[in-house]
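Engineer: Need the 3D shape of this:
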Amino acid sequence: MSASDDLAAASRSDTITGPLTLLFAVATGVIVTNLFAPQTLVGMIGPALGLQATASGLVATATLLGYAAGLFLLVPLADLAENRALVLRMLAAAAIAAGAAAFAPDAATLLVLLFALGAACSAIQILVPVAAAMAPPERRGRVIGDVMSGLMVGILLSRPLASLLADAWGWRAFYGTSAFALAVLVAVLARGLPHRRPPAGPAYPALVASLWHLLRGEPTLRRRALTASLAMAAFSLFWTSVALRLAQPPFDLGQRGIALFALVGAGGAVVTPLFGRAGDRGWTRPATRAAHLLIIAALALAAWAGAGREGPVLHLILMGTSAVLLDVGVTGDQTLGRRAVNLLRPEARGRLNGLFVGLFFLGGAIGSALAGLAWSAGGWPAVCLTGMAIGVAALAADLTEDMT
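Structural biologist: From the prediction side, this is the model:
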């Protein structure tokens, strides 16, 4: 049989179950907290380790850049090595990096450790394609949406969790807690994660070299990765900056208040399975455009809410609404994009996911870096205008699909 036939046969003989889907969702949620928690800790880590305001965004950027590097260099191993063993080793490395980050003596050391932590957390993108491979094609969008809901809950809860821990015990407590959670996850996955050995394929150097050929040869991958990277840039820009705005008048929120605000954004995760089902029904194009319009509208609302002219309570509610709308838009784009990519080439699913997610996390890293620059240049209005421009670019990229 061909490689595709081997993989299809494996998927049919090991169909994903409800409890296993839940395990995948919980695992991705636990792992991904490490990628977005630094966004809410920037205000504490930067001054504690002597970083200037313009450089504090590096704390959030380092983990995302490490994650992108792991997606390009480590995730392709999923098409070569046995996936269960690979995931467990990567998560063990992540636990060690998180534990070391809790004791980092200076900014340079912390940034290196966060880069390593982000690279090891790319194990997420081995788990997701495993779940996709185990789902029959007619249910693949639903399964991916269900797993992605766990991922998005982890993303959205990472900020309030980190804020609460930091408020009680300092920012280092988050990384100590994360190291413990990752160690527990390794033990749980060692018992529950099924073995999955990919069919024989090219050696590792050829796999990495093939990434460029996959990107060139798959227009759907290019288009979906572009809009996802732009959406992720807007997402990171907002969440890296909003804590700074909420700490100022008229809101004057402390770390605990910012944590509660971030918790509101978690409501956006409930729509993730809905976008997956929309893709299964053939509604990918209108649903994607709706997601991009939501991103633009959310940042326009955030700009108005940040003005705070009619009173802090009303504007705090409006800011929370903008956060939910933004999370819904970004979640929808990513879920529909991931579904499209997972339908392309079963024998290259690991590499395709690595490319797709690697590119959109590069967008996230750029958004985090832009946050510091926009904030320094023009405060909250400049942040929102930059985010709206990014959202317009995502919508324009999607609309050009009709012209190609």
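Engineer: Counting by contacts, list what the helix or strand Val153 falls within packs against.
Structural biologist: Assigned by DSSP states H and E, Val153 belongs to helix 140-169. Contacts defined by 3 or more C-beta pairs under 8 Å, 6 or more residues apart in numbering; DSSP states H and E place helix 140-169 against helix 18-48, helix 124-134, helix 172-192, helix 255-265, helix 272-280, helix 312-342. Using the backbone N, CA and C atoms, a C-beta is placed for each residue, glycine as well.
Engineer: what angle do the last one and helix 255-265 make?
Structural biologist: Computed by axes from the mean of the first three to the mean of the last three C-alpha atoms, to 10 degrees, the angle separating helix 312-342 from helix 255-265 equals 50 degrees.
Engineer: same deal with the first one?
Structural biologist: With the same axes, to 10 degrees defining the directions, helix 18-48 sits at 150 degrees from helix 255-265.
Engineer: can you give me the angle helix 18-48 makes with helix 124-134?
Structural biologist: Using the same axes, to 10 degrees: helix 18-48 against helix 124-134 is 160 degrees.
Engineer: now the next helix or strand after helix 18-48, how far from the centre of its chain.
Structural biologist: Moving toward the C-terminus from helix 18-48, the next helix or strand (DSSP H and E) is helix 57-73. Relative to its parent chain, helix 57-73 has a centroid offset of 11 Å by C-alpha atoms, centre = their mean, to the nearest Å.
Engineer: give me the low-pLDDT residue ranges for the stretch 201-350 of the chain?
Structural biologist: Scanning the stretch 201-350 of the chain for pLDDT under 70 picks out 201, 265-273, 276, 309-310.
Engineer: Check the stretch 1-150 of the chain too.
Structural biologist: Low-confidence segments of the stretch 1-150 of the chain, defined by pLDDT under 70: 1-14, 52-57, 141.
Engineer: rerun at 80
Structural biologist: Within the stretch 1-150 of the chain, the segments meeting pLDDT under 80 span 1-18, 39-40, 42-43, 46-58, 60, 79, 129, 132-142, 144-146, 148-149.
Engineer: Now tabulate the helices and strands packed on helix 140-169 in a markdown table and tack on mean neighbour count and distance to Leu385.
Structural biologist: Formatted as a markdown table, those follow (neighbours: other C-beta atoms under 10 Å; distance: least, C-beta to C-beta, whole Å):
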| stretch | mean neighbour count | distance to Leu385 |
| --- | --- | --- |
| helix 18-48 | 22 | 20 |
| helix 124-134 | 25 | 32 |
| helix 172-192 | 18 | 31 |
| helix 255-265 | 20 | 21 |
| helix 272-280 | 22 | 27 |
| helix 312-342 | 23 | 14 |
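Engineer: can I get these in TSV with distance to Met90?
Structural biologist: Output for the helices and strands packed on helix 140-169, formatted as TSV (distance: least, C-beta to C-beta, whole Å):
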stretch	distance to Met90
helix 18-48	9
helix 124-134	8
helix 172-192	10
helix 255-265	27
helix 272-280	24
helix 312-342	20
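Engineer: Looking at those helices, which is nearest to Leu86?
Structural biologist: helix 124-134 (6.3 Å; C-beta to C-beta).
Engineer: Now do the lengthiest helix in the chain against helix 57-73, angle only.
Structural biologist: The longest helix of the chain (DSSP state H) is helix 349-399. If you take the same axes, to 10 degrees, helix 349-399 sits at 120 degrees to helix 57-73.
Engineer: Which strands or helices does helix 349-399 pack on?
Structural biologist: Using 3+ C-beta pairs under 8 Å, 6+ apart: helix 349-399 touches helix 57-73, helix 124-134, helix 204-217, helix 219-246, helix 284-307, helix 312-342.
Engineer: got the angle for it vs helix 219-246?
Structural biologist: 80 degrees.
Engineer: orientation of helix 349-399 relative to helix 284-307 in degrees?
Structural biologist: 70 degrees.
Engineer: List of residues touching stretch 16-26?
Structural biologist: Outside stretch 16-26, the residues within contact range by C-beta atoms under 8 Å, 6 or more residues apart in numbering are 127-128, 130-131, 134-135, 143, 146-147, 149-151, 153, 188-189, 192-194.
Engineer: ok, 6 Å please
Structural biologist: Stretch 16-26 has contacts (C-beta atoms under 6 Å, 6 or more residues apart in numbering) with Leu127, Ala131, Met134, Ala135, Val143, Asp146, Val147, Gly150, Gly192.
Engineer: again with stretch 223-238
Structural biologist: 295, 326, 330, 333-334, 337, 340-341, 356, 359-360, 363-364, 366-368, 370-371, 387, 390-391, 393-394, 397-398.
Engineer: Going by neighbour count, list what's buried in that stretch.
Structural biologist: Within stretch 223-238, the residues that count as buried by 16 or more other C-beta atoms under 10 Å are 223-238.
Engineer: burial of Ala303, as a residue count?
Structural biologist: 18 (other C-beta atoms under 10 Å).
Engineer: what sits against it?
Structural biologist: Pro381, Cys384.
Engineer: Quick check: it vs Leu385, distance?
Structural biologist: Distance of Ala303 to Leu385, computed by C-beta to C-beta, to the nearest Å: 7 Å.
Engineer: again, but for Ser241
Structural biologist: 12 Å.
Engineer: Met148 now?
Structural biologist: 29 Å.
Engineer: Looking at those two, which one has more neighbours?
Structural biologist: Met148 (27 against 15).
Engineer: Confirm for me that the more buried one is in contact with Thr335.
Structural biologist: Yes: with contact defined as C-beta atoms under 6 Å, Met148 counts as touching Thr335 (5.2 Å).
Engineer: Check what pLDDT the closest residue to Leu293 other than its chain neighbours gets.
Structural biologist: Closest residue to Leu293 apart from its sequence neighbours, by C-beta to C-beta, 6 or more residues apart in numbering: Leu395 at 6.7 Å. Listed pLDDT for Leu395 reads 94.
Engineer: isn't Leu395 right next to Ala291, touching?
Structural biologist: No: Leu395 lies out of contact with Ala291 (C-beta under 6 Å); the separation is 9.2 Å.
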